[in-house]
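Novice: Provide a 3D model corresponding to the input given below.
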Amino acid sequence: MWTDSNREPVLRKVAEQFKSDTGVTVKLAVKDFAKIPDDFITQVPTSKGPDAAIAAHDATGRMVQNGVVAPLELGETSAYQDVAIQAFTVNGKIYGIPYATENIALVRNTKFVKDAPKTFDDMIEMGKKSGAKYPFLVGLDPKQSDPYHLYPFQASFGAPVFELKDKGFDSSKVAMGGTNGEKFASWLADQGKTKNFNLNVSQDISKDLFAKGQTAFILTGPWSLDSFTKAGIKYEISEVPSAGDRPATPFVGVQGFWMSAKTKNAVATQKFLVEYIGNPDVQAELFKVGHRPPANKQAFEEAKTDKDVAAFGAVGQKAVPMPNIPAMGSVWADWGVAQAEIISGKASSPKATWDAMVKAIDEKIKKG
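Specialist: Modelled structure (predicted):
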């Protein structure tokens, strides 16, 4: 099994227990997490690849497309967060055992604001009245904006990037066009004009300003909390406030494990992944080294004693999985550039810029 260095100590103990119980040895190989998907595609067909590998769910569709992953029989899927199961589902089949989730949420400095806002406009108004130098910050890139961080607001206008159906994402075309997408584009332009969104404020800058106590609200993930704690900032975490007439649902990333389509040890691999990695006690141990909300519901209940994990996990339960289909590769660049042009004011017509972006992405998807 391929793993990363962070999870290896926990998995080594699980492998020892598995050998004690079954007599089957699980060999662990530590890999660079970011390189695993490409290496998996390259090595599995040669029979030199692993039986299983740690994975981020959003590459799963590409693995299915390349025929290198096998579906798993999880049995009772209700033991897991719904969003975690959705994340590893492609064409109605589950291609991974999920173990952790991760997503963004709204973090507020309680020195400035005591209560969570219900809407985006409420948040801005509360931030302005708070006395903070900046009412609200979200880190953006001057050329690519940040569609990931801005997605909750886009979703609140009813403009999802792809439609999520029972059997997985519909990759035939993007779903963020039409009237709802145009409404979001117009709103995006307004946020640029008012400087609620500032392309010159990066992720690092926004995090630094929050840590210095200069902003009331920031849109970020659990990866930023250490710097806030070290700076002595008292904060609370809440749902992303809606800008449109629907919930502001962020993307959730799910980590888990794939089984190779070429494994010669399918029965043992399935058993190790489902019965051992999926065990609540094991997921609780994995939580201790990664501090991501467990995908297993029982393990999550135990992890909720950490209020930050509980808060991010609660937001994640209402979130949507990052699309796991290969078509996502055609989306990011055009999406980000269009957002940046609209926010900066370079787009003379936000609606036309948005429509052109949607058309360009659809054409890329059709070409494959």
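
Novice: list the buried ones in stretch 117-131?
Specialist: Buried positions in stretch 117-131, judged by neighbour count with 16 or more other C-beta atoms under 10 Å: 117, 120, 123-124, 126-127, 130. Every residue, glycine included, has its C-beta placed from N, CA and C.

Novice: got a list of contacts for it?
Specialist: When contacts are defined by C-beta atoms under 8 Å, 6 or more residues apart in numbering, stretch 117-131 is touched by residues 106, 112-113, 115, 134-136, 153, 156, 196, 215-217, 238, 241-243, 248.

Novice: Return the subset of those lying in helices.
Specialist: In helices, defined here by DSSP state H, the members of these are residue 153.

Novice: Let's see which of the contacts of stretch 117-131 end up in strands.
Specialist: Among these, the members falling in strands (DSSP state E) are 106, 134-136, 215-217, 238.

Novice: Can you flag the buried ones in the contacts of stretch 117-131?
Specialist: 106, 112-113, 134-136, 153, 156, 196, 215-217, 238, 241-243, 248.

Novice: so what's residue 12 closest to, chain neighbours aside?
Specialist: Spatial nearest neighbour of residue 12, chain neighbours left out: residue 28 (6.1 Å); criterion: C-beta to C-beta, 6 or more residues apart in numbering.

Novice: what's the spacing between the one you found and residue 270?
Specialist: Going from residue 28 to residue 270 by C-beta to C-beta, to the nearest Å gives 18 Å.

Novice: Which one of these two is surrounded by more residues?
Specialist: A side-by-side neighbour count of residue 28 and residue 270, using other C-beta atoms under 10 Å, places residue 270 first with 20 against 16.

Novice: Wait, that one touches residue 75, no?
Specialist: No - using C-beta atoms under 8 Å as the test, residue 270 is too far from residue 75 to be in contact (10.5 Å).

Novice: Buried residues of stretch 347-361, list them for me.
Specialist: Within stretch 347-361, the residues scored as buried using 16+ other C-beta under 10 Å are 347, 350-351, 353-355, 357-358, 360-361.

Novice: what about residue 114, how many neighbours?
Specialist: 10.

Novice: Kindly state the pLDDT recorded for it?
Specialist: According to the prediction, residue 114 has pLDDT 97.

Novice: tell me how far the ends of stretch 24-35 are from each other?
Specialist: Stretch 24-35 has an end-to-end distance of 27 Å (criterion: C-alpha to C-alpha, to the nearest Å).

Novice: Return the distance of stretch 334-350 from the chain's centre.
Specialist: 24 Å (C-alpha atoms, centre = their mean, to the nearest Å).

Novice: what's next to stretch 239-248, contact-wise?
Specialist: For stretch 239-248, using C-beta under 8 Å, 6+ apart, the contacting residues are 104-106, 116-123, 152-153, 155-158, 180, 183-184, 187, 219, 249-250, 314-315, 318.

Novice: so who does residue 340 touch?
Specialist: Neighbouring residues of residue 340 by C-beta under 8 Å, 6+ apart: 140-145, 199, 346.

Novice: Buried among those residues? Need that as a selection in ChimeraX.
Specialist: This is the ChimeraX syntax for the buried subset of the contacts of residue 340, where burial follows 16+ other C-beta under 10 Å:
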select :140,141,144,145,199
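
Novice: got a markdown table for the contacts of residue 340, with secondary structure too?
Specialist: Listed next are those as a markdown table, based on DSSP: H, G, I helix; E, B strand; the rest coil:
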| residue | secondary structure |
| --- | --- |
| 140 | coil |
| 141 | strand |
| 142 | coil |
| 143 | coil |
| 144 | coil |
| 145 | strand |
| 199 | coil |
| 346 | coil |
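
Novice: Kindly indicate which of the contacts of residue 340 lies nearest residue 95.
Specialist: Taking C-beta to C-beta as the measure, residue 95 lies nearest residue 144 of the contacts of residue 340, at 29.4 Å.

Novice: residue ranges with poor pLDDT in the protein?
Specialist: Counting by pLDDT under 70, not a single residue of the chain qualifies.

Novice: Would you map out the domains in it?
Specialist: 2-102+251-321, 104-248+324-367 (automatic domain parsing).

Novice: Looking at the protein, which helix is longest?
Specialist: Secondary structure of the chain per DSSP H: the longest helix is helix 350-367.

Novice: what's in contact with stretch 220-231?
Specialist: Residues contacting stretch 220-231 (C-beta under 8 Å, 6+ apart): 102-105, 107, 138-139, 149, 203, 206-208, 210-213, 218, 235, 291-292, 308-309, 312.

Novice: just the buried members of the residues you listed?
Specialist: 102-105, 107, 138-139, 149, 203, 206-208, 210-211, 213, 218, 235, 291-292, 308-309, 312.

Novice: Where strands are concerned, which of the residues you listed count?
Specialist: In strands, defined here by DSSP E, the members of the buried ones among the contacts of stretch 220-231 are 102-103, 105, 107, 218, 235.

Novice: Sheet partners, orientation included, of the longest strand along the chain?
Specialist: Taking DSSP E as the criterion, the chain has its longest strand at strand 251-260. With DSSP bridges as the test, strand 251-260 is paired with strand 52-56 (antiparallel), strand 69-70 (antiparallel), strand 97-103 (antiparallel), strand 320-321 (parallel).

Novice: Since that was my last question, I'll sign off now.
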